[in-house]
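[1] here's a sequence, model it:
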Amino acid sequence: MKKAKIYKPSKTAMQSGIKKFDKWIIEFITDDPVTNPLMGWESSTDTYSEVKLEFKTKVLAVDYAKKNNISFEVIEPKNRKITKKSYADNFTK
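    Numbering: from 1, shown residues only. Below you'll find the predicted structure:
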């Protein structure tokens, strides 16, 4: 049986916007990674590990996984805590 994780990607520290992070992704989990003896790279015989599917909502991703008999784990995104600051706060201490 295939295993997958469903998550919403987070932005990197180098990015300030949140425009491209509204999609949910299904990524298949590989249980048997091996080291390629020729090059030393990590490889696998399971081609599902190369597949990432994008969905507009979490519900669509979960429905797809259930419809195709994929066991899955949903990883909820962490909410950002935004602290509003004023530039003047740097000088008023």
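[2] number of nearby residues for Ala65?
    Using other CB atoms under 10 Å, Ala65 has 20 neighbouring residues. Backbone N, C-alpha and C define where each C-beta goes, glycine included.
[3] now Ala61
    Ala61 has 23 nearby residues by other CB under 10 Å.
[4] over to Lys5?
    13.
[5] in a strand, it, correct?
    Yes - Lys5: assigned to a strand according to DSSP: H, G, I helix; E, B strand; the rest coil.
[6] quick check: pLDDT value at it.
    pLDDT recorded at Lys5 is 94.
[7] what does Ser16 give?
    pLDDT at Ser16 comes out at 69.
[8] starting at the chain centroid, how far to the strand or helix carrying Asp63?
    Assigned by DSSP states H and E, Asp63 belongs to helix 58-67. The chain centre lies 15 Å from the centre of helix 58-67; the measure is CA atoms, centre = their mean, to the nearest Å.
[9] which helices and strands does it pack with?
    The contact analysis (3 or more CB pairs under 8 Å, 6 or more residues apart in numbering; DSSP states H and E) places helix 58-67 against strand 3-7, strand 24-28, strand 52-55, strand 71-75.
[10] contact partners of that helix?
    Taking contacts as CB atoms under 8 Å, 6 or more residues apart in numbering, the residues outside helix 58-67 that touch it are Ala4, Ile6, Lys8, Trp24, Ile25, Ile26, Leu53, Phe55, Ile70, Ser71, Phe72, Val74.
[11] filter those residues to the buried ones?
    By neighbour count, with 16 or more other CB atoms under 10 Å, the contacts of helix 58-67 hold Ala4, Ile6, Lys8, Trp24, Ile25, Ile26, Leu53, Phe55, Ile70, Phe72 as buried.
[12] just checking: what are the partner strands of the lowest-mean-pLDDT helix or strand in the chain?
    The helix or strand of the chain with the poorest confidence is strand 42-43; it has a mean of 76 (mean pLDDT, DSSP states H and E). Take DSSP bridges as the rule and strand 42-43 pairs in its sheet with strand 34-35 (antiparallel).
[13] done for today, thanks.
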